[in-house]
Every structure is written in C-alpha cells, then in structure tokens.
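**Student:** one predicted model, sequence on top.
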Amino acid sequence: QVQLVESGGGLVRAGGSLRLSCIASGTIFSINTMGWYRQAPGKQRELVVDLTSAGRTTYADSVKGRFTFSRGNVKNTVWLQMNSLKPEDTAVYYCYANLRSERDDYDMDYWGKGTVVTVSS
C-alpha cells in the first residue's frame, strides 16, 4: 500500500521560513510526478509546484522566487523550502504523486493527508 506522509508544517510570522518534507512509502515501481498542492480556507486546491520524471519543474506564479522544490537521491523523498512567507501562503499543504506501484498495471494519483502552514502578519 503506497502512502505519502508530510511533515514540517507550523506557525510562522510573515517573512519567515518553513521546510516541508514528504516521503512516499510502499512498493513503488515508478514515479511520474511528485509535488505539492495547497488549499486555503474557502478556496480550491491549487498547484504549488511539481516535478515530472522528465525533469520539468513547474511553480505557481505566486511562489516563484520564494519556494524551492527538491528531490532526494532516494527518489521517493521530496522537500519544499518556503522562504519569505506571506499570510496568503496560509493553507493546508498536500504532497502529491502520480506513480505506479509494483502491484498495479496502471498509474494512480496519491495524496498525503496534508500539513497545516499558518503565516501570521
């Protein structure tokens, strides 16, 4: 059973930094895309950043230059370094992956349970 587990959320003042981590566990055959989404209160879930297996990284315009996505040498671990945080970054941040487990013949979307980031003004 594949699981995505996030950590690293919390409360920070505007201008501060946080680092989120996500580990994908289970019998994974291949990962197509991994990344982060967020959902602010009363809003739809939106892409923050993702990385495809082809090496293409896509950032939301609102986080470019402030957030940095990285992937570990063990490919099922990713991080999101968030600097210069703003109150509008307050949201639940979800780790996402499109991958194929060893027991499936098709790709599937997986989501973590989310980690809360609160930025005070």
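**Tutor:** Here it is on my side, so go on. Numbering: from 1, shown residues only.

**Student:** right, and Gly15 touches Met82 too?
**Tutor:** No - counting by Cβ atoms under 8 Å, Gly15 sits too far from Met82 to count as a contact (11.4 Å). Every C-beta, even on glycine, is put in place using the N, C-alpha and C of the backbone.

**Student:** who's more crowded, the two?
**Tutor:** Taking other Cβ atoms under 10 Å, Gly15 and Met82 do not tie; Met82 has more neighbours (25 against 11).

**Student:** separation between that one and Trp36?
**Tutor:** 9 Å (Cβ to Cβ, to the nearest Å).

**Student:** give the residues shared as contacts by the two.
**Tutor:** Common neighbours of Met82 and Trp36, using Cβ atoms under 8 Å, 6 or more residues apart in numbering, are Leu20.

**Student:** so how far is Gly26 from the most far-flung residue of the chain relative to its centre?
**Tutor:** Checked against the mean C-alpha position of the chain, the extreme residue using Cα atoms, centre = their mean is Asp105, at a distance of 24.9 Å. Going from Asp105 to Gly26 by Cβ to Cβ gives 16 Å.

**Student:** and the residue nearest to Gly9 when sequence neighbours are not counted, how far is that from Leu18?
**Tutor:** Distance criterion Cβ to Cβ, 6 or more residues apart in numbering; nearest residue to Gly9, sequence neighbours excluded, is Thr115 at 3.4 Å. For Thr115, the distance to Leu18 (Cβ to Cβ) stands at 9 Å.
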